[in-house]
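S.K.: the following block contains a protein sequence and its predicted model.
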Amino acid sequence: MSAARIPGADADEPGAEVGLAPVSPSPAAPTPAGVAEPAPVSRGRWPSPLRSLAVRNYRLYFSGQLISLTGTWAQRVAQDWLVLELTDSGAALGIVTALQFAPALLLSLYGGALADRGDKRKLMLATQTGMGLTALALGLLDVSGVVTLWQVFALAALLGVFSALDTPIRQSFVVEMVGPADLPNAVALNSMNFNLARIIGPAVAGLVITAFGTGWAFLGNAVSSVAVLGGLVLMRAAELIPSDPVRRQPGQYRAAIRYVRTRSDLVLPMLLMFIVGTFGMNFQISIALFAKQVFHRGADSFGLLSTMLAVGATLGALASTTRRHRPTRLFLVGAALAFSLTEVLAAVMPSFELLALALVPAGFAMITLAQSANATVQLGVEPTMRGRVMGLYILCFMGGTPIGAPIVGWVAELFGPRWGMLGGGLICLVATLVVAGYLSRHRHVGSSQVMDRLLAPHPFLG
């Protein structure tokens, strides 16, 4: 479901630690030879937070993704609930999550290399078709009453294969639709889109599961994939801004790793997202267990908790739509600290209602961190490296889930669901404090600079 290095946007430049570098199109990233210069698009009639929607291709992408992602989130809720119905085991829930994300360890870099070499739109047509067919297969098995746990595991892993290939391609395709100047806005709109679907999908899933069973949620997701495929087909290829394709040759993965290793401004967001993605962002496991085992409620309550998390995430994405700057190190570390603290707070809530309310700020902090890390990476990478670097980013972000999800599920099964969420939040908090201490010592960041940055007016909140 691009810009070259932005002048002044490197966090290693003087003053970048306490200020936000302006984003501007780089003269080093011209329209590739042989590709027609896209016609200028008037954005005057679109409010600034929605300016990327003035681009027809992006509107098609945005609307198709909203429908498809709604189905995807409905499937995630249904898949977790189906596993609990089959096993009532937190460990099994952790395993199915790990299987779905494990392919990212092996295939994210390959997906990024495919994005650098080929036509991203055509590649997405293939990966999105694969995901739709996987949902169809699971739905047919479930509604026919023959589904077993091993089949859920196998199809979750297959879905993970298609997703691992699709994600870096999709991430690096955004700039080809809107151009580098509007990339921060498009990334924020993508996050808002993702989380609007995260609100609608679980709520729909809860109703569908209660009324008809989990199988119809899977079938609904299969149908929803037609929307994103239609949007891709209807795009005008002449209005895209593709980067020059990279010729296949030995050492491309090593070149991407060397490139990132020399860029501390890229290493930091990847490190933070590895920590948080591995131990903190396992809410689907935790809140499913909270709903079923702590508060003894049904699938509709699980859907409500997922929706409240998504409400906060959508507000966080909306707050980022006016950003025109590349986030700094201080902002990233502050967002990681805020996420860790809000997750710990949610884990200790004594009632269902208070947990639901606490998930709103947790979702806000979660998406603020994720969107800022994504924008930091995309706005600091050369166009010919974007696919492979985004593959590395996805590897860091999602690659730790096969490690963290079973641990969270195992801890929740032994000590209770609260400890699964609380432990993840505490690990993220301690790790982020270590990173903050390292930056303070090696970047000479004083407490006054931190306070100035944290107290600076937010472009959306004022």
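M.R.: Right, received. Where do you want to start? Residues are numbered from 1 along each chain as shown.

S.K.: you'd agree V147 is in a strand?
M.R.: No: read with DSSP: H, G, I helix; E, B strand; the rest coil, V147 is coil and lies in no strand.

S.K.: so what's V348 up against?
M.R.: V348 sits next to 418, 422 when contact means CB atoms under 8 Å, 6 or more residues apart in numbering. C-beta here means a position set from N, CA and C on the backbone, and glycine is covered the same way.

S.K.: what's the answer for R297, then?
M.R.: R297 neighbours (CB under 8 Å, 6+ apart): 291, 352.

S.K.: hmm, 6 Å instead?
M.R.: Residues near R297 by CB atoms under 6 Å, 6 or more residues apart in numbering: A291.

S.K.: ok, it to F290 distance?
M.R.: 9 Å (CB to CB, to the nearest Å).

S.K.: ok, now S320?
M.R.: 28 Å.

S.K.: with N374 instead?
M.R.: 28 Å.

S.K.: could you check which of those two is surrounded by more residues?
M.R.: Comparing N374 with F290 by other CB atoms under 10 Å, the one with more neighbours is F290, at 28 against 25.

S.K.: for that one, what are its contacts?
M.R.: P417.

S.K.: check the one 5 residues further on too.
M.R.: The contact partners of F295, by CB under 6 Å, 6+ apart, come to F352.

S.K.: for R121, which non-adjacent residue is spatially closest?
M.R.: Nearest residue to R121, sequence neighbours excluded (CB to CB, 6 or more residues apart in numbering): L232, at 5.6 Å.

S.K.: isn't W81 right up against S301?
M.R.: No: taking contacts as CB atoms under 6 Å, W81 lies outside contact range of S301: 11.0 Å.

S.K.: where does pLDDT dip in the chain?
M.R.: Residues of the chain meeting the criterion pLDDT under 70: 1-47, 249-251, 322-324, 399, 442-462.

S.K.: mind redoing it with 50?
M.R.: The model of the chain has pLDDT under 50 over residues 1-42, 445-448, 450-451, 453-462.

S.K.: if I look at the residue most central in space within it, how far off is G220?
M.R.: The centre of the chain sits closest to A370, judged by CA atoms, centre = their mean, with a distance of 6.5 Å. For A370, the distance to G220 (CB to CB) stands at 26 Å.

S.K.: do I285 as well
M.R.: Relative to G220, and taking CB to CB, I285 is found at 23 Å.

S.K.: I figured the residue nearest to R121 hits L123, correct?
M.R.: No: assessed by CB under 6 Å, L232 is found out of contact with L123, at 10.0 Å.

S.K.: pull up the distance across stretch 232-252, start to finish.
M.R.: 28 Å (CA to CA, to the nearest Å).

S.K.: now that stretch, how far from the centre of its chain.
M.R.: 22 Å (CA atoms, centre = their mean, to the nearest Å).

S.K.: quick check: next helix or strand after the longest helix seen in the chain?
M.R.: Assignment by DSSP state H gives helix 56-87 as the longest helix of the chain. On the C-terminal side of helix 56-87, the nearest following helix or strand under DSSP states H and E is helix 90-101.

S.K.: other SSEs contacting that next one?
M.R.: Under the contact definition 3 or more CB pairs under 6 Å, 6 or more residues apart in numbering; DSSP states H and E, helix 90-101 sits against helix 56-87, helix 149-178, helix 283-289, helix 401-415.

S.K.: rerun at 10 Å
M.R.: helix 56-87, helix 149-178, helix 283-289, helix 386-399, helix 401-415, helix 417-442 (3 or more CB pairs under 10 Å, 6 or more residues apart in numbering; DSSP states H and E).

S.K.: list the buried ones in the second one?
M.R.: The neighbour-count criterion (16 or more other CB atoms under 10 Å) identifies 152-153, 155-178 as the buried residues of helix 149-178.

S.K.: starting at the chain centroid, how far to it?
M.R.: Worked out by CA atoms, centre = their mean, helix 149-178 lies 11 Å from the chain centre.

S.K.: after it, which helix or strand is next?
M.R.: helix 183-211.

S.K.: for the closest residue to T368 other than its chain neighbours, what is the enclosing helix or strand?
M.R.: Leaving aside its sequence neighbours, T368 sits nearest to G316 (CB to CB, 6+ apart; 4.4 Å). G316 is part of helix 299-319, with elements assigned from DSSP H and E.
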